[in-house]
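Colleague: after the sequence you'll find the predicted model.
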Amino acid sequence: MSEPLDSSPAMTVRRATIYFALVYFSQGISQVVCLLNQPLRMYLQDVAKLDATGVANFMFVAAIPWMIKPAYGLLSDFFPIFGYRRKSYLLLLNLLAAVSFLLVIGVRSTSTLVIVMTLTGVGVAASDVVVDAMMVQTGRQTGRTKLFQSAQWVAITSATILSGLLGSAICHHFKSDAAAGLRTASLICMLVPLVVAILTWFLVVDQRTTINLPEFKATSLALLSAFKSLRLWIVILFLFLIRFNPGIVTALYVHLENQIGISNAYLAILDTANAVGLVAGSLIFMFTMSAGKISTRRAMSIGLILAAIGVLPMLMITNKTTATVAYAIWGLTDMIAVLGFLNIAAEACPRRVEAVVFAALMSVSNLGTRWSDVAGSKLYDGVLQHRIAPLIWLCAGFTSAGLLFIPFLRPAVADEGASVDEAPALAS
């Protein structure tokens, strides 16, 4: 993003901050697991008549675009569209998301719906990667990276909390017509990327460039070398396994609705409580574990223990109040663990290809998370016979088992022959 509309540095920073905040706000609304989360789940259960396993499988497929994030970074960095690496991609991707959300209105079959939802994921996930790269570049040019990252966090958090409240209102209003609720939520989701596309046209001034095949080849060779590292594969296995446990997300939603009697509208409120817990967890991590006094491995150990303990209050849910408290605690403890493994992932990234490797590690984490939900839902519908308590204990046990990997985790060995400045501005 270079010099949007005004050449003065102050105006550039201000408009860049507003633009980045809007794009990240869009992500906090338009991801399938945000505003659409409960209206979509209500539709899949009430209209499509899917059980917990069916819903988890649907959400897994819809989340595939978030499992291939490195591909978007490589494409936008090395293969410009119409001569531009950022503006053209952001325009097309946000228009793709907006059109896909609009198509939901006419969808009648579950198989078509999953395709359309996956397309919205491509638009939102790839836009996330491209705007991350823009934020890195603009932050280097202006020296205001921390400002942009703060705007990112505030925007995403605010949107996530708002998404829960809007999702609750939609589920309550359309509790007898889940299809209408899904259409309403999709129309709201459509508006945000549409606004982003319009502002991209007016605010983003990109420099024309050509396909950089030599740099692409050099980066590809560096990536090949990176993934020959045993240390990196240990981290990959660690990230996958701590996220791939018998997940309780979908199974717990179904259990709370069918066994406890909590409505879809209040389940969306629980998503908001969880988001508030995420904010609290991030603040605790920021002020207690990010000052350099606690090693990354120790922070990860603390995070895993807290994450394992944090799911246990789910065993004591009997009504809306206890569910709200449990979801808030879950969000708080899970965020501390997530920030711990984000630091593990960051330290595992070798020089020159930090961004692509980090994106790959996050894709592995996303894959593990989604598969875990499918595995947990199958157990819940199958051998556990709709009993949630054994699944919660399994989740806690598998999470704590990640402690066995901690002694083997080491940061990547610095490549003294490479310079950070040599690294292409790829998205994380």
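Modeller: Right, received. Where do you want to start? Numbers count the residues shown, from 1 in each chain.
Colleague: doesn't A48 lie inside a helix?
Modeller: No - counting by DSSP: H, G, I helix; E, B strand; the rest coil, A48 is located in no helix; its state is coil.
Colleague: what number of residues lie near it?
Modeller: 16 (other Cβ atoms under 10 Å). Heads up, the C-betas are built off the backbone N, CA and C, glycines and all.
Colleague: quick one: it and R108 touch, right?
Modeller: No - using Cβ atoms under 8 Å, A48 is not in contact with R108; the gap is 10.4 Å.
Colleague: just for the stretch 51-200 of the chain, where's the confidence low?
Modeller: Flagging of the stretch 51-200 of the chain using pLDDT under 70 yields the residue ranges 146.
Colleague: try it again with 90
Modeller: Scanning the stretch 51-200 of the chain for pLDDT under 90 picks out 69-87, 106, 108, 128-158, 199.
Colleague: quick one, helices of it?
Modeller: Listed in chain order, the helices of the stretch 51-200 of the chain (DSSP state H, counting those that start in this stretch) span 52-62, 69-78, 87-103, 110-142, 145-173, 178-203.
Colleague: and if you look at the stretch 251-400 of the chain?
Modeller: Going by DSSP H, counting those that start in this stretch, the stretch 251-400 of the chain shows helices at 264-288, 296-310, 320-348, 354-381, 388-401.
Colleague: for these, which one sits closest to A178?
Modeller: helix 264-288 (8.2 Å; Cβ to Cβ).
Colleague: helices and strands around the closest one, which ones?
Modeller: Judged by 3 or more Cβ pairs under 8 Å, 6 or more residues apart in numbering; DSSP states H and E, helix 264-288 is in contact with helix 37-46, helix 145-173, helix 320-348.
Colleague: could you list the buried residues of the last one?
Modeller: Read that as helix 320-348. 320, 323-324, 326-346, 348 (16 or more other Cβ atoms under 10 Å).
Colleague: and if you look at stretch 152-169?
Modeller: 152, 155-164, 166-169.
Colleague: cool, and stretch 13-32?
Modeller: Under the neighbour-count criterion of 16+ other Cβ under 10 Å, stretch 13-32 has 13, 15-17, 19-32 buried.
Colleague: returning to what we had before: tell me which of the buried residues of stretch 152-169 is nearest to M316?
Modeller: Of all those, G164 has the smallest distance to M316: 21.9 Å, by Cβ to Cβ.
Colleague: count of residues packed around the residue lying closest to that closest one once chain neighbours are set aside?
Modeller: Nearest non-adjacent residue to G164, counting by Cβ to Cβ, 6 or more residues apart in numbering: T272, 3.1 Å away. Neighbour count of T272, defined by other Cβ under 10 Å: 22.
Colleague: T272 reaches A169, doesn't it?
Modeller: No - using Cβ under 8 Å, T272 is not in contact with A169, being 11.3 Å away.
Colleague: so can I have a markdown table of the helices and strands packed on helix 264-288 showing distance to S88?
Modeller: Output for the helices and strands packed on helix 264-288, formatted as a markdown table (distance: least, Cβ to Cβ, whole Å):
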| stretch | distance to S88 |
| --- | --- |
| helix 37-46 | 30 |
| helix 145-173 | 22 |
| helix 320-348 | 30 |
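Colleague: wait, which of the ones you listed is closest to R85?
Modeller: Nearest to R85 among the helices and strands packed on helix 264-288 is helix 145-173 (18.4 Å), distances taken as Cβ to Cβ.
Colleague: any weak-confidence spans in the stretch 301-428 of the chain?
Modeller: Counting by pLDDT under 90, the stretch 301-428 of the chain shows low-confidence ranges at 334-370, 398-402, 404-428.
Colleague: for N319, what are phi and psi?
Modeller: Backbone geometry at N319, expressed as degrees, to the nearest 10, gives phi -160, psi -170.
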